[in-house]
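> the following comprises the amino acid sequence and a computationally predicted model.
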Amino acid sequence: GLAILRTNLKWPNLIFTLFHFETLTFFVLCLSLPENGQQMKAVVQWFMRVSELPVNKLKLLGREPHPQEIFYYECRNCDNEVNVESILRPVKVKHLDSNDPFPDSSDKDTLYVKLSWDSKVFGVVNSTVMESPAEGPSRRVLPTPDHAIMQKASLGEVGCSSVGTPANVEAESLHSATKLSASKCLSAKRRNATARTPGVRKRLELSSECSHKDFKMQPLCRTREQQGFLYISNTKNHHFLTVSLLFLQISPGTPKTPRHATPSIPIRSLQTQQPANILEEARARLHVSSVPESLPCREQEFQDIYSFVESKIIDNTGGCMYISGVPGTGKTATVHEVIRCLQHAADMDEIPSFHFIEINGMKMTDPHQAYVQILQKLTGQKATPDHAAVLLEKRFSNLAPRKETIVMLVDELDLLWTRKQNVMYNLFDWPTRRHARLVVLTIANTMDLPERIMINRVASRLGLTRMSFQPYSFKQLQEIIMSRLNKLKAFEEDALQLVSRKVAALSGDARRCLDICRRATEICEHSAADPSSTGLVGMSHVMEALNEMFSSAYITAIRCASTQEQLFLRAAIAEFRRLGLEEATFQQVFVQHQALCRIEGLRPIGVSEGLAVCQRLGACRLLLLEPSHLGVLQHIRLNVSQDDIFYALKAD
Amino acid sequence: IIKSRPGARCEFQWPSSVAPGHCVCRHLLELLRRTAIHGESNSVLIVGPRGAGKTMLLQCVLRDLQKEEKVQKNLLQVHLSGLLQTDDRTALKEITRQLHLENVVGDKVFGSFAENLAFLLEALKKGNRSSSCPVLFVLDEFDLFAHHKNQTLLYNLFDVSQSAQAPIAVVGVTCRLDVLELLEKRVKSRFSHRQIHLLSSLNFTQYLERVWTQLSLPDSFPDKKFAQEWNAGVKTLCEDKSVEEVLQRHFNSSKDFRSLHMLLMLCLSRVSVAKPTIKPADLLEASRMCFADATANMLHGLSILELCLVIAIKHLNDVYEGEPFNLQMVHNEFKKFLHRKSNSMYNFEQPVVMKAFEHLQQLELIRPVDGSSAKVQREYQLMRLTLDHSQIMDALQKYPQCPTDVKQWAMSAFG
């Protein structure tokens, strides 16, 4: 937005102020300044700059806009009160007739108004609008303040003297008016300086600190809509850094202001390095995150989902589909692929366009947040869960023209379970509405989820369109790796087969498979110094990676334990055998431990030390313990099999 | 000399001599460097028993990493601990704070939990491999994060690390060997299954070497003469037979370096200007303090009546094989003892005995049996002894001026 601070003076020599808002500058015409100390608001008139107009509307202008041209903004519903504190500095604005040429001026602080803009069309500015001064105490003569202070005041906190209105070029009467407005600015500033709340100041420092450090936070300016805080920072002028605070009520009519904070991780300062050799290249391609061009081995599932969604879109109906499968079998990836293809088809006008949204049960804190996220993704509105549910209900049950089909992906469906199951109920009920045109694709891990956790009315609405993704077979896993590597020769054939067979036997999780391959390339790289190596990832590397990931560390942990810890484990087994149970109290085990110490020729340890040994074993979960405050009375169980312990201790 | 007292030297240095440590170090360093330089997302768990140097390993790696200029400006770090961030709500706030994203959220720095999560995920999703700054998440006491509701935080962190979003590296540090079993299967699937096991297989000679390197002063020490004398002193100390015995005992008990440092600190604190070397006696004394039995020590502070009650309980335990007891039973046992001594001076009223019994309970030398309701009269509430018999006998030997008849009663096989 742009608002221009207008004094109560005659056109065209008005005093204007600019807001710098990141790279945008806002102009206001101030209609009246506050009279008493309580009120900190200035009534303003907003102006638009060329860059703020919608690009497609610029055609209406019929000519090239002048860079210093601004447009009188006629909008009823925008708030015309701003905080005086946010006023930055004055500019000159000249009103020109719509046929007059723009004067050739290099003065950047002079702006020209020719036309008005009411968010739809341009209009001629009625100069009387501009000239009509605000009623009130405008003509009262105030004592002239010192010129320097006055200028400083009118410049706000900017503290820059390079810009501003040279008072002497203006007509005498206007000159005094300048002073008038400036003096008001001054008094407002003073008041502000004292009345500013600590909270405000803190925020001010916070943001100024940010800019001083040149912190690479992408969006320096943020708005919070409800309360309308704007951080304003002038990044254009290098010799000073201003940070000013603007309390703006952002109403719907206000010209473009960033509506949502766009959070992001800072930009990295150095370029990422590109993969330098084959192994690095292979590793980059094998990372789970790298999106393959096509998904091999899921052609059938892809086809089924595609035709399901496509038919619903073409028929303008709705429907539900339930997709199940163990983690890492490509459920979400396949759905995304389907949507990508459909989107492509829609772009080619082969099918009607649709809107895709995605929610994930794990990415929300509470099942009812699903409503909030759906609403926000559909309309950009923010609402409480209850309110969002009402709005969505209305949206899906009402007939509305030009509504496109909505395809919704609900990932990790089981997390949306509530006791009354109303979230699930609604999700599956909406597609059945006549005018909803909603396609819901749900994903979860368990195949029998509808039978297990859903009550009848929910399960019935979900329908019988089910699909289950089988774990990948070893051939499929091999194909997946091959297609990712895309003829890059980094692996030996046998090595790939070993990985895929091993993973297929264990879980059929493609993620696991890719991770093992990635680790194997690292191991290969480390052993590259070995002259016998071929530079390819071989069996030995894959074996090592598999061992690292799948072997249990219990045996090594027992071998690496201290003598007393090993003795304690043996004592526990001895005591279990004696009792014929799998559980004993510390006291009982300790007696055995003392005896074992004597047999081994070690000095028996005290109870405290014994407890410490026991706690250490409990901390790494070789033993399962009761809470430690029970002392010698706590019960002990083993978390490893007795055979493992014997095996580990015998091998010494 | 007091100022340069090597007490401060008990800081840990990653033992470059220990071979597995070396390899593990390189693995982790490579992994994090790739995240920083190539923008490759990774996740890894460091598992090892307490005091094995997991955090130290990570710190060493990070220190080395920071030395590289390419990495220095390119890596944001977020450190979380399962003991501090006890639920996802606080964890998210902490992440937002450490990433300096809080001024973005506006004045209401921390909105609701749901907003926070959406906000953070949005921030991470916005990024991509080539342009965003990599973020390193260090989750100390990783196993505690697995107890958070739905494991939302872990799911999302691992999910980001496996998808084309801002590059992150998740490093979990834990002492639980079964940590993977704690993860839900969809969380587990997203974890890369890289585990670094930090298990020290060092033997006693290496342990002795460590003691020596820990205690000796470096060549860079300003007072050369003192350093020479000190190092010579340490050498003779390490060769001493009794010292070796003490250290062997500690080594047998635990290979944990932290407990070793505790022992050495206790020795070092006895060094002064007047006595600028460590004597074997200091080590013996320190070792005695380390191994001291806390609960047995508590028995030394009991009154004779309380001690008598403890002995009565011990006899009851012998007779009934550890069955729980109540005050009445204990008092009866005590009275039997008094009965044998006709001229006893320990004839106490019931309320006095009860007070003594309650005091024992407050010291947690005895504790009520679980599930016994509070309705039961205090005299009849069932209790168990939380002491081992050997502790009682030890304490009696050391109890100052213990009456002989009480001692004999304790020793006797029958009540």
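Alright, I've got the coordinates. Numbers count the residues shown, from 1 in each chain, chains lettered A, B, ... in the order given.
> low-scoring stretches of the chain, by residue?
Picking chain A for this. A:1-44, A:52, A:75-92, A:105-109, A:119, A:126-264, A:270, A:401-402, A:529-533, A:651-652 (pLDDT under 70).
> I was after chain B.
By pLDDT under 70, the low-scoring segments of chain B are B:1-21, B:102-111, B:342-344, B:372-374, B:413-415.
> find the helix or strand that the residue of the stretch 301-450 of chain A found nearest chain B is a member of.
Nearest to chain B, among the residues of the stretch 301-450 of chain A, is A:Pro327, at 3.4 Å (C-beta to the nearest C-beta). For the C-beta atoms, the positions are set from N, CA and C on the backbone; glycine is no exception. Using DSSP states H and E, A:Pro327 maps to neither a helix nor a strand.
> could you find the closest non-adjacent residue to it?
Nearest residue to A:Pro327, sequence neighbours excluded (C-beta to C-beta, 6 or more residues apart in numbering or on different chains): B:Ser189, at 3.4 Å.
> a strand runs through the one you found, doesn't it?
No. Under DSSP: H, G, I helix; E, B strand; the rest coil, B:Ser189 falls outside any strand and is assigned helix.
> any idea how far B:Leu183 is from it?
Here the distance between B:Ser189 and B:Leu183 works out to 9 Å (C-beta to C-beta, to the nearest Å).
> which bits of the stretch 151-300 of chain B sit near chain A?
Counting by C-beta under 8 Å from any C-beta of the partner chain, the stretch 151-300 of chain B comes close to chain A at B:152, B:155-156, B:159, B:161-166, B:175-178, B:185-186, B:188-190, B:192-195, B:197, B:199-201, B:249, B:251-256, B:291-296.
> I figured A:Ala370 was touching A:Leu427, is that so?
Yes. Between A:Ala370 and A:Leu427 there is a contact at 7.4 Å, judged by C-beta atoms under 8 Å.
> shared neighbours, those two?
Shared contacts of A:Ala370 and A:Leu427, defined by C-beta atoms under 8 Å, 6 or more residues apart in numbering or on different chains, comprise A:Val410, A:Leu416.
> which residue is the nearest non-sequential neighbour of A:Glu544?
A:Ile523 is the one closest to A:Glu544 (C-beta to C-beta, 6+ apart), at 5.2 Å.
> if I look at the residue nearest to A:Ile453 when sequence neighbours are not counted, how far off is B:Tyr399?
Closest residue to A:Ile453 apart from its sequence neighbours, by C-beta to C-beta, 6+ apart: A:Trp417 at 5.6 Å. To B:Tyr399, A:Trp417 is 62 Å away according to C-beta to C-beta.
> so which bits of the stretch 301-450 of chain A are right by chain B?
Counting by C-beta under 8 Å from any C-beta, the residues of the stretch 301-450 of chain A close to chain B are A:326-328, A:362-366, A:369, A:372-373, A:412, A:415, A:445.
> between these, which has the most around it?
A:Gly328 (27 neighbours; other C-beta atoms under 10 Å in any protein chain shown).
> count the neighbours of the spatially closest residue to that residue that is not a sequence neighbour for me.
Spatial nearest neighbour of A:Gly328, excluding adjacent residues (C-beta to C-beta, 6+ apart): A:Asp509 at 3.3 Å. Per other C-beta under 10 Å, the neighbour tally for A:Asp509 reads 23.
> check contacts around A:Asp509.
A:Asp509 makes contact with A:Val326, A:Pro327, A:Gly328, A:Thr329, A:Pro471, A:Tyr472, A:Val503, B:Ser189, according to C-beta under 8 Å, 6+ apart.
> the second one and A:Phe469, how far apart?
Going back to what we said before, that points to A:Pro327. For A:Pro327, the distance to A:Phe469 - C-beta to C-beta - is 10 Å.
> next: the last one.
From B:Ser189 over to A:Phe469 the distance is 13 Å, taken as C-beta to C-beta.
> same question for B:Thr205.
56 Å.
> of these two, who's got more company?
Between B:Thr205 and A:Phe469, counted using other C-beta under 10 Å, A:Phe469 has the larger neighbour count: 20 against 8.
> number of residues surrounding B:Lys275?
10.
> go on, A:Lys487?
A:Lys487: 6 surrounding residues under other C-beta under 10 Å.
> correct me if wrong, but B:Ala169 is in a strand.
Yes. Applying three-state DSSP, one finds B:Ala169 inside a strand.
> ok, the nearest residue to it once chain neighbours are set aside - contacts?
Leaving aside its sequence neighbours, B:Ala169 sits nearest to B:Thr35 (C-beta to C-beta, 6+ apart; 4.1 Å). Counting by C-beta under 8 Å, 6+ apart, B:Thr35 makes contact with B:Ser41, B:Asn42, B:Leu75, B:Pro134, B:Leu136, B:Pro167, B:Ile168, B:Ala169.
> got phi/psi on the closest residue to A:Phe354 other than its chain neighbours?
Spatial nearest neighbour of A:Phe354, chain neighbours left out: A:Thr405 (4.3 Å); criterion: C-beta to C-beta, 6+ apart. According to degrees, to the nearest 10, the main-chain angles of A:Thr405 amount to phi -60, psi 140.
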